[in-house]
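> for reference, the sequence and a predicted model appear below.
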Amino acid sequence: MKRYLLRSVKYFAALCVLCIVLMGAMLLTGTSQLTPRETLYLLFHSDRFVVLGIAIVALAATYPRFGFMTRRVEGNVERHRTQIETAFRQAGFRLVGEAEDELRFRGDGFLKRLLLLFEDEIRVRQYGQWIELEGIRRGVARVAYRLEGYVEMIERDENE
């Protein structure tokens with residue numbers, strides 16, 4: 001629950017920054033027909049602020065639910081270790097730690113980590129006959145897609 005709340009707060013802050021940046025960009029480029037003072041007045045004295053606030057809170061509250069996932073790829077962590085590391089490297093992640101039963105990857109570089117709100121850790125472990133990837137949806141989906149292809153290619157080459 002603590003992790004869920006922390007992720008929601010991070011996403012709420014990111015959405016607020018995004019709104020401020022968008023409003024600032026509109027004012028700087030002249031695409032807004034209002035002055036900065038009129039914009040702030042309308043924002044805080046109209047229903048727009050309430051609707052925008054509700055939308056931001058709702059998105060932030062539900063983000064941890066749909067922003068993270070677990071995906072399984074048929075394979076073996078030990079046997080397909082090279083393919084796992086290659087798939088992560090191609091997706092912009094690097095190995096940061098490993099335990100007896102788990103590999104941990106993080107975004108490779110500050111910008112990648114920032115874009116993922118520092119929620120960039122993806123855990124890899126063996127789950128029966130599956131390689132299980134758990135973490136942020138964007139990262140897991142990209143890596144799983146690549147990893148499936150790499151594992152299928154290895155299996156096909158070994159069967160020939």
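Great, that's in hand.

> which residues in the chain form helices?
For the chain, the helices defined by DSSP state H cover 2-29, 36-44, 47-66, 81-90, 110-115, 137-159.

> buried ones in the third one?
In terms of neighbour count (16 or more other CB atoms under 10 Å), helix 47-66 has its buried residues at 56, 59, 60, 63, 64. For every residue, glycine as well, the C-beta is placed using N, CA and C.

> swap in the fifth one?
If you call a residue buried by 16+ other CB under 10 Å, then helix 110-115 has these buried ones: 112, 113.

> figure out how far it is from the centre of its chain.
Helix 110-115 has its C-alpha centroid displaced from the chain centroid by 10 Å (CA atoms, centre = their mean, to the nearest Å).

> give the other helices and strands that that helix contacts.
strand 102-107 (3 or more CB pairs under 8 Å, 6 or more residues apart in numbering; DSSP states H and E).

> what sits up against the strand it packs on?
Strand 102-107 is contacted by residues 77, 84, 88, 92-98, 113, 115-116, 120-125, 139, 143 when judged by CB atoms under 8 Å, 6 or more residues apart in numbering.
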